[in-house]
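Novice: Provide a 3D model corresponding to the input given below.
(chains A, B, C and D)
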Number of protein chains: 2
Amino acid sequence: MRRGIEFKKKARIIIVDDNYEHLSGIKELIEIESDFDVVATATSASVAISLIKKYRPEIVLMDINMPEKDGLTAIAEIEKLDLGVRIIALTGYDDPDLIFRAMKIGAKGYILKTMASAQLIYAIDEVAAGKIYLPATLSSRFFEYFQQSFKEETESADDEENLLNYLTQREEEVLDLLTQGITYKGVAQKLFISETTVKTHVNNIFQKLQVNDRTQAVLYALNNGFLNRRKVKIAI
Amino acid sequence: MRRGIEFKKKARIIIVDDNYEHLSGIKELIEIESDFDVVATATSASVAISLIKKYRPEIVLMDINMPEKDGLTAIAEIEKLDLGVRIIALTGYDDPDLIFRAMKIGAKGYILKTMASAQLIYAIDEVAAGKIYLPATLSSRFFEYFQQSFKEETESADDEENLLNYLTQREEEVLDLLTQGITYKGVAQKLFISETTVKTHVNNIFQKLQVNDRTQAVLYALNNGFLNRRKVKIAI
DNA sequence: ACGGGTTTAGACCACCCGGTCTATAAACGG
DNA sequence: CCGTTTATAGACCGGGTGGTCTAAACCCGT
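Specialist: Numbers count the residues shown, from 1 in each chain, chains lettered A, B, ... in the order given. Next comes the predicted model:
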């Protein structure tokens, strides 16, 4: 029941941390230094989830390093509920893989326990305002990881000995149709050539890709960036 | 030939912008307000690339909105050269798609032309120091886009009517082997069952997935997150 | 003009694949 | 305890698939 005019509605927060000392520390900090409303706290992910269902907070502060059900799976589950809860992840160290995974599954912020309390409040402020907040140092880490993973992807796609490069243009067309699950007859009709011609092309493709059947050819094509060629050129 | 002690080696910069007014503006700004060394400027991407090959700068400021060869493809080409050049992208507006694509292909920073000159210098400083720099407002935009794209991906993977859910465990095993390009005979050997049993399973799979042949079944499996099921659970 | 690569195409054959029908044993759920 | 689901498997058959050989027409570069 919302009533009256709200200049700055007190966002409700739930804090989750298996370390009770730290949990109450953050709770006090928030209650004193900000005007957010800590409606509940939990020391385990499963308890947290039921509390979230009950209280429907705007913000959840979630420690990632917890025994049993870890914070990441907890975040994934909460996001799946689709309650509009905005989650801020919390850990002791700036592991880029952790940051990447947390942001990937939908965390709206990520801060380190070692950071100044003012930064925590600021992060909550930003996230409560609908933004996504990552401190500069962490976003730098994130992007390194992000770019690295894409670099590996494109390297494996066009790099070194990609047997797809040996295919002629016509063979690529045929392979393209094969990757759509079309039969020889269908390919022949689409390309306005005879079925035996298709077979010749396909056999050449098999030899060039060093595979034995159409399925393996399709898999090779898909795993080695056959579709990417166009994407890279058109869409980047 | 590096010699002696360097407190702060003057990073060499090349600026690329099709608008000459703006180009010289930035050039002057950098020369006056910082101690970086603008070794060259270009008003087109193709010229820029030859200049980069020649001067091997540490930093490139690249305008994204250019006629002919646009900035994004230029960045992709420069990154492909693998010269260790660190590129900062530059545009007038904060289009999240542009930001995402620029960062994806390897830009080390992204700033708006409307931003204060101090921020430009700061960005160059950070990038020159090996970090990746995105202003808070842009990184917020980036993450919204990033999370959205992942959300769609997982939705399409496990969402609604995924015919893969109707498969029995045994059928999944068989399909899994099919997605590796193995023949009936091979599957029969791997699962220690007769070849005709495999055929029975496969036929059931075809009917459940509403496809006609193994290739289409494999494609359906791949496009509907067959591999993801495990990934989501194990790796998040 | 000649040789090489590409695209086209035919013939023949073995066999894998996909469709259908039938059937048994185990497991599971009501 | 009985019906359903699942896993197993045999038989049969037709057509699609893959292997091999041959060859003509074409473009391209030297």
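Novice: can you point out the buried residues in the helix or strand containing residue A:207?
Specialist: Remark: residue A:207 resides in helix A:195-209, with elements defined by DSSP states H and E. Taking 16 or more other Cβ atoms under 10 Å in any protein chain shown as the neighbour-count basis, helix A:195-209 is seen to contain the buried residues A:198, A:201, A:202, A:204, A:205, A:206, A:208, A:209. C-beta here means a position set from N, CA and C on the backbone, and glycine is covered the same way.
Novice: how much space between the third one and DNA strand D?
Specialist: When Cβ to the nearest atom of the strand, to the nearest Å is the yardstick, residue A:202 and DNA strand D sit 6 Å from each other.
Novice: got the contact list for the closest residue to that residue other than its chain neighbours?
Specialist: In this structure, residue A:202 finds its nearest non-sequential neighbour in residue A:174, 6.3 Å apart by Cβ to Cβ, 6 or more residues apart in numbering or on different chains. Neighbouring residues of residue A:174 by Cβ atoms under 8 Å, 6 or more residues apart in numbering or on different chains: A:187, A:191, A:198, A:201, A:202, A:205.
Novice: ok, residue A:169 next?
Specialist: By Cβ under 8 Å, 6+ apart, the contact list for residue A:169 is empty.
Novice: and for residue A:170?
Specialist: For residue A:170, the contacting residues are residue A:201, taking Cβ under 8 Å, 6+ apart as the criterion.
Novice: ok, now how distant is it from DNA strand D?
Specialist: In terms of Cβ to the nearest atom of the strand, residue A:170 sits 12 Å off from DNA strand D.
Novice: check residue A:99 too.
Specialist: Distance from residue A:99 to DNA strand D, counting by Cβ to the nearest atom of the strand: 40 Å.
Novice: if we can go back for a sec, looking at the buried residues of helix A:195-209, spot the one nearest DNA strand C.
Specialist: Nearest to DNA strand C out of the buried residues of helix A:195-209 is residue A:201 (Cβ to the nearest atom of the strand; 5.5 Å).
Novice: ok, the closest one touching residue A:171?
Specialist: Yes - with contact taken as Cβ atoms under 8 Å, residue A:201 and residue A:171 are classed as touching, separated by 5.4 Å.
Novice: any idea of the mean pLDDT in stretch A:162-170?
Specialist: Taken as a whole, stretch A:162-170 carries a mean pLDDT of 85.
Novice: go through that stretch and flag the buried ones.
Specialist: A:164, A:167.
Novice: for stretch A:116-126, same thing?
Specialist: Buried positions in stretch A:116-126, judged by neighbour count with 16+ other Cβ under 10 Å: A:120, A:121, A:122, A:123, A:124, A:126.
Novice: if I look at the last one, how far off is chain B?
Specialist: Right, the one you point to is residue A:126. The spacing between residue A:126 and chain B, counted by Cβ to the nearest Cβ, to the nearest Å, is 8 Å.
Novice: can I assume that residue sits in a helix?
Specialist: Yes - secondary structure assignment places residue A:126 in a helix (DSSP: H, G, I helix; E, B strand; the rest coil).
Novice: quick one: residues contacting the residue lying closest to it once chain neighbours are set aside.
Specialist: With Cβ to Cβ, 6+ apart as the measure, residue A:133 is the residue that lies nearest to residue A:126, at 4.1 Å, once sequence neighbours are left out. Shown in contact with residue A:133 (Cβ under 8 Å, 6+ apart): A:88, A:108, A:109, A:111, A:122, A:123, A:126, A:127, B:136, B:140.
Novice: which elements pack onto the longest helix along chain A?
Specialist: Assignment by DSSP state H gives helix A:136-158 as the longest helix of chain A. When contacts are defined as 3 or more Cβ pairs under 8 Å, 6 or more residues apart in numbering or on different chains; DSSP states H and E, helix A:136-158 sits against helix A:96-104, strand A:109-112, helix A:228-234, helix B:96-104.
Novice: any idea which of those gets closest to residue A:167?
Specialist: When the helices and strands packed on helix A:136-158 are ranked by proximity to residue A:167, the top entry is helix A:228-234, at 10.9 Å, counting by Cβ to Cβ.
Novice: just say which of the helices and strands packed on helix A:136-158 is most tucked in.
Specialist: Mean neighbours per residue, mean count of other Cβ atoms under 10 Å in any protein chain shown, is largest over the helices and strands packed on helix A:136-158 for strand A:109-112, with a mean of 24.
Novice: quick one: mean pLDDT over it.
Specialist: Per-residue scores along strand A:109-112 average to 93.
Novice: again, but for stretch A:116-132
Specialist: Per-residue pLDDT values over stretch A:116-132 give a mean of 91.
Novice: again, but for stretch A:148-155
Specialist: The predicted model assigns stretch A:148-155 a mean pLDDT of 74.
Novice: grab the nearest non-local neighbour of the residue nearest to the spatial centre of chain A.
Specialist: Nearest to the geometric centre of chain A sits residue A:104, at 2.6 Å (Cα atoms, centre = their mean). Sequence neighbours aside, residue B:150 is the residue nearest to residue A:104 in space, at 5.4 Å (criterion: Cβ to Cβ, 6+ apart).
Novice: so who does that neighbour touch?
Specialist: When contacts are counted by Cβ under 8 Å, 6+ apart, residue B:150 touches A:104, A:105, A:106.
Novice: okay, and the residue lying closest to the last one once chain neighbours are set aside sits in which element?
Specialist: Which is residue A:106. Sequence neighbours aside, residue A:79 is the residue nearest to residue A:106 in space, at 4.1 Å (criterion: Cβ to Cβ, 6+ apart). Assigned by DSSP H and E, residue A:79 belongs to helix A:71-81.
Novice: enumerate the residues of chain A near DNA strand D.
Specialist: Proximity of chain A to DNA strand D is assessed by Cβ under 7 Å from any atom of the strand, with A:183, A:184, A:185, A:199, A:200, A:202, A:203, A:206, A:212, A:213, A:214, A:215 identified as the residues in range.
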